[in-house]
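Asks: 3D, please:
(one chain, ligands or ions: 1)
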Amino acid sequence: MIIYTNEGNPLGLKLLMLAKFAKQSVQLQVVNLNDAKHKDLLVLPTLELDNGQRLFSSVAIAKYLFDEEDQLRDEWLEWSTTLLAPALAHHMAVGHRADPNALPVLNALVKKLDDRLKSSPYLAGNKLTAADISVWSLLAPDGTLKGAQNVDSLRDWYGKVKALPEVQAALAEQPLKDLSFNALQNANRYGGLYHVPLKLPNTADTGKLLAEAASTLADTITDEEINAARAAFTYTEPKKYNEPRTVLPKAGERNVLVTSALPYVNNVPHLGNIIGCVLSSDIFARYSRCAGYNTLFISGTDEYGTATENKALAENMTPREICDKYFELHNGIYRWFGIGFDYFGRTTAQEQTDIVQEAFHDVYKAGFILKESVEQLLCQKCDRFLADRFVEGTCPHPGCGYEDARGDQCDKCGKLVNATELIRPRCKVCNTAPVLRSSDQLFIDLPKAEPQLREWVDHAENGWTNNARVITRAWLREGLKPRCITRDLKWGIPVPHKGFENKVFYVWFDAPFGYVSMTKRYTKDYQQWWQPAKGTEVELFQFMAKDNVPFHSVVWPSVLLAINKGHTLVAHIMATEYLNYEDGKFSKSRGIGVFGNDAQDTGIPADVWRFYLASARPEGQDSSFSWNDLAARNNSELLNNLGNFVNRALVFCEKNFNSTVPEIALTQDELILLALVNRELRGYINSLEKAKLRDGIRHLMSISRHGNGYMQTQQPWLLLKGNAEQKARAATIIGLCVNLACLLANLLYPYMPSTARTLFAQLNAQHTRLNADKPLATLLLRTGHKIGKPAPLFAKLEQAFIDELKGKYGGTQTQAKEENTSSATSQPTNVAELEKAVQAQGEKVRQLKASTKDKAVWQPEVAKLLDLKKQLEAAQKTTTAPFPSDNAKQNGTRSVQELEAAVQAQGNKVRQLKGSTKDKAVWQPEVNILLDLKKQLEAAKKAAK
Ligand SMILES: Nc1ncnc2c1ncn2[C@@H]1O[C@H](COP(=O)(O)OC(=O)[C@@H](N)CCS)[C@@H](O)[C@H]1O
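Replies: Numbering: from 1, shown residues only. The predicted model follows:
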């Protein structure tokens, strides 16, 4: 038998090894497909049998050599040649030819291998097969995946196979050091595996892969692109960007009004809520400001309705107290996530009541309000009509009879229930039997508004996400029905209508007006945004998840059209699907999922969460949060790709060019790189203009990948050791890479504002405007520009740490949270409790420090530990010297030390608040507290003297 192969082809080694295992004697012939002698060979390697028959399919060769059927083996063989080989070839190919999409695919494949080998000694079961040989030979040129993380099972298996005598014998003939992935490039008359466009693992199919021959990225760059790249790469003074204190729309300019759905205050927001509304809108608003559009970003909390009343009952507080408590919580979480609202308000503000009541009068006057009598359950003891959630009873469905059915659904038979049909209904609060009463309610006449609404939807929907269009069309197809807008509740905006004095508006009637009333809190000129004068265009972008769509696309626009006072209507409904938690639903009651405060507690920086959530944003379909995915994206995209590129560029500049941007003389290589970067830049701008945030991040990462590929092929570290000409080349390479790092900082800013600021500081550069009309890379840092001090931007997330978090948030944390809450309400105060707390916190810090070197991760926990130690010290002093402290307690005073800490903490809070909002009403109360604390501190110091 003869194996025909080309030089260094790992698949040739594979055939050699297979032959050794099959105890066949073969001859290895290294050939070149361009050689006329071999024009009859189509693919390398090919196995020629003694009878002249030629085989090149791995499965056919395995069947022939081992004469046995093994479906699993064949599946893995197929997998290795149709997926693993192209992914490796695309990723490992050097220079501009490396495919930016290859790494995530390769990571997924490698993970699949490692997962398989965790549960099975070999790929197809308990014994080694041709599949193992095929995969092994493909991994061999990379010296067993030097860059791969957490693949211990794969590495063990690799070593085990390598030690086999047959493998060693084959390696003696075809040494590892001679193998190269580029050899796959010249191994096929159809263009080679390398020329095949890369597919995602589960969609690839062999036939298609081989049929679709495509040229590589660099080969597709046109002269026009090269010329455009050359012309654009010049320096222009960056535009000074002075944002006015109050942003108002201007005639003849692009005016972008961004709103985020208003989260309810009945709970802490989970990661789904965060990416569904506030984070997506923040990224978009930041981009819009960077692009130079007049941008206003408004949001706040949705505070009325039964959800709040329920929570108040559960927490034994008044609804007002619940709103105050949760507003603070939401506000704090969003500040931590770096959400830069222009105004973050509340629907319980007086402006909201005024605007909603006025809107009601207008709709009423326009003839769009109907009155109807509705049957409801009244609890005479509580003196209120019972919302569905407040009533329980026996299920009315035949054959069920479950005694604890809810007012909306029976948990036993799962059927929907009408509260008034429950048998023996009882009030959930006082357990007494309610009575049936009819009550008048007001309805918005949607059928009357329908023709106008349809006309508007027909042209407006072009700017909406697909799910928003589909949901709206489904509502319209069914035909609109009148919707009740009043409720017999106490917690809401009073209905200003005779006979309805004791009723309030339904929360979804008032909530969307929150956008308007919050703008009014921001500026008295709010109508310029919401009822703009002729000649001024305002483009409204509204962010939410799918469940909110009908209220923004049908109900609220119908109300505004009925009012007919020229209100700004939504141009872009940006609706996501749902983010799930590790393939299940986020569930507050069962303690499943990650909530805003949990994210904060992990110690993982807010920007990493922002990046991850944007990359996993459920655009087009539901997506899942997964801890492994978070770690993988952090480690591969942020750390290995982006962080690696910018840090290398800056460190080279610092060490070899005295921190000064060197002379850049562009050659064809640089122009190709710039042309590739410009393609991605265009993709980034196009994506962000349409708020396709996930795609935007993909383009950004591709720029960095191109940068890494360029650096890797150009090898400036070698050029620096060469002659003058080579040194000049190295200067160009580093000068260009530092400029690309600066471009990346600008593109990163909407997604990771704090990281971008750090990078700007390292570059000693300014944040510049993006030119959306001309997305081409320019010279941002001229020769001679002094950069700052480079430092790593990202830290690795270790598997042990991730596993710990997975365990903590996987459904058992309700208990943990309850424990935390109880310990939060009864903070450790005595020495014994504090000693325990110090010990536990010390352990946490040790674990964290062992799992990561990133100070940003463990520093907050160290701060907590120091604080606990201080408390312990103080408590110990109190026990040994009770009198002074007792006096202090009796007088209601605090020690100098305590007050100093309080002043410092309050000072931080004020700084953060002032940084996050210009609204004095938000930070002034905190400033007052700070001033008061300072006074107390002064007095305490005097007293101590
Ligand atoms: N799992 C989810 N994934 C993405 N987005 C989600 C998910 N669950 C909810 N949401 C969106 O979050 C915001 C806030 O939701 P919340 O229930 O707190 O508030 C409301 O829906 C209303 N108060 C909005 C009035 S304007 C929302 O956009 C959900 O769609």
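Asks: the residue in the stretch 151-300 of the chain that the ligand sits nearest to: neighbour count?
Replies: As assessed by CB to the nearest ligand atom, the ligand sits closest to Gly276 within the stretch 151-300 of the chain, at 2.2 Å. Where C-beta positions appear, they are placed from N, C-alpha and C, glycine not excepted. Per other CB atoms under 10 Å, the neighbour tally for Gly276 reads 29.
Asks: what parts of this structure come near the ligand?
Replies: 261-264, 272-273, 275-277, 302, 511, 544-545, 547-548, 576, 578-579, 586 (CB under 6 Å from any ligand atom).
Asks: now list the buried members of those residues.
Replies: Using 16 or more other CB atoms under 10 Å as the burial test, the residues of the chain next to the ligand include 261-264, 272-273, 275-277, 302, 511, 544-545, 548, 576, 578-579, 586 as buried.
Asks: narrow those residues to those in strands?
Replies: Taking DSSP state E, the ones among these that sit in strands are Met544, Ala545, Thr576, Leu579.
Asks: tell me the bridge partners for the third one.
Replies: Assessed by DSSP bridges, Thr576 has beta-bridge partners Ala545.
Asks: returning to that earlier point: pLDDT added to the ones in strands among the buried ones among the residues of the chain next to the ligand, as CSV?
Replies: What follows is these, written out as CSV (pLDDT from 0 to 100):
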residue, pLDDT
Met544, 98
Ala545, 96
Thr576, 97
Leu579, 95
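Asks: could you work out the most separated pair of the residues you listed?
Replies: Spatial extent of those (CB to CB) is set by the pair Met544 and Leu579 at 13.0 Å.
Asks: what touches both of these two?
Replies: Gly276 (CB atoms under 8 Å, 6 or more residues apart in numbering).
Asks: next, count neighbours for Gln766.
Replies: 14.
Asks: quick one: residues contacting it.
Replies: Pro238, Phe760.
Asks: now tell me what touches the strand or helix carrying Glu351 from outside.
Replies: Following DSSP states H and E, the helix or strand that holds Glu351 is helix 350-365. The contact list for helix 350-365, computed with CB under 8 Å, 6+ apart, reads 346, 369, 444, 493-497, 505, 509-510, 513-514, 516-518, 520-521, 559, 562-563, 565.
Asks: give the PyMOL command for selecting the buried subset of the residues you listed.
Replies: Selecting only the buried entries of those in PyMOL, with 16+ other CB under 10 Å as the criterion:
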select buried, resi 346+369+444+493+495+497+505+509+510+513+514+516+517+518+520+521+559+562+563
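Asks: of all of the stretch 1-150 of the chain, which residue lies closest to the ligand?
Replies: Closest approach between the stretch 1-150 of the chain and the ligand, counting by CB to the nearest ligand atom: Pro104, at 22.8 Å.
Asks: can you give the distance of whatever helix or strand that residue lives in from its chain's centre?
Replies: Assigned by DSSP H and E, Pro104 belongs to helix 102-119. In terms of CA atoms, centre = their mean, to the nearest Å, the centre of helix 102-119 is found 23 Å from the chain centre.
Asks: quick one: contacts of it?
Replies: Here helix 102-119 has contacts from 83-84, 87-88, 90-91, 123, 135, 145, 148, 150-154, 156-157, 198-201, 632, 636, 641, 705, using CB under 8 Å, 6+ apart.
Asks: tell me what angle the helix or strand just after it forms with helix 102-119.
Replies: Scanning forward in sequence from helix 102-119 by DSSP H and E, the next helix or strand is helix 130-139. Helix 130-139 and helix 102-119 are oriented at 140 degrees to each other (axes from the mean of the first three to the mean of the last three CA atoms, to 10 degrees).
Asks: so which elements touch helix 130-139?
Replies: helix 10-21, helix 58-66, helix 71-79, helix 85-92, helix 152-162 (3 or more CB pairs under 8 Å, 6 or more residues apart in numbering; DSSP states H and E).
Asks: quick check: closest non-adjacent residue to Ala405.
Replies: In space, and not counting its chain neighbours, Ala405 is closest to Cys395: 3.8 Å by CB to CB, 6 or more residues apart in numbering.
Asks: ok, Ser299 next?
Replies: Nearest to Ser299 is Ser260, by CB to CB, 6+ apart, at 4.0 Å.
Asks: ok, what's across the strand from that neighbour?
Replies: Phe543.
Asks: what about it, how many residues nearby?
Replies: With other CB under 10 Å as criterion, Ser260 counts 29.
Asks: surely it touches Phe284?
Replies: No - using CB atoms under 8 Å, Ser260 makes no contact with Phe284, being 9.5 Å away.
Asks: spit out the residues that contact these two alike.
Replies: Phe543.
Asks: hey, least reliable of the helices and strands packed on helix 130-139 by pLDDT?
Replies: Here the helices and strands packed on helix 130-139 differ in mean pLDDT, and the lowest is helix 85-92 at a mean of 73.
Asks: how big is the angle separating that one from helix 71-79?
Replies: Using the same axes, to 10 degrees: helix 85-92 against helix 71-79 is 40 degrees.
Asks: packing partners for helix 85-92?
Replies: helix 102-119, helix 130-139.
Asks: if we can go back for a sec, which residues touch the closest residue to the residue of the stretch 151-300 of the chain closest to the ligand other than its chain neighbours?
Replies: Excluding its sequence neighbours, the residue lying closest to Gly276 (CB to CB, 6+ apart) is Ala545, at 3.7 Å. Ala545 is in contact with Ala261, Gly272, Gly276, Cys277, Ala575, Thr576, Glu577, Tyr578, Pro618, counting by CB under 8 Å, 6+ apart.
Asks: local confidence estimate at the one residue in the stretch 601-750 of the chain that gets nearest to the ligand?
Replies: Closest approach between the stretch 601-750 of the chain and the ligand, counting by CB to the nearest ligand atom: Pro618, at 6.2 Å. pLDDT for Pro618: 95.
Asks: you'd agree it is in a helix?
Replies: No - assigned with DSSP: H, G, I helix; E, B strand; the rest coil, Pro618 falls outside any helix and is coil.
Asks: Ala575 is in contact with that one, correct?
Replies: No - at 9.8 Å, Pro618 and Ala575 do not qualify as touching, with contact defined as CB under 8 Å.
Asks: which of the two has more neighbours?
Replies: When Pro618 and Ala575 are compared for neighbours, Ala575 comes out ahead with 29 against 23, by other CB under 10 Å.
Asks: right, and the more buried one touches Asn548 too?
Replies: Yes - at 7.1 Å, Ala575 counts as touching Asn548 under the criterion of CB under 8 Å.
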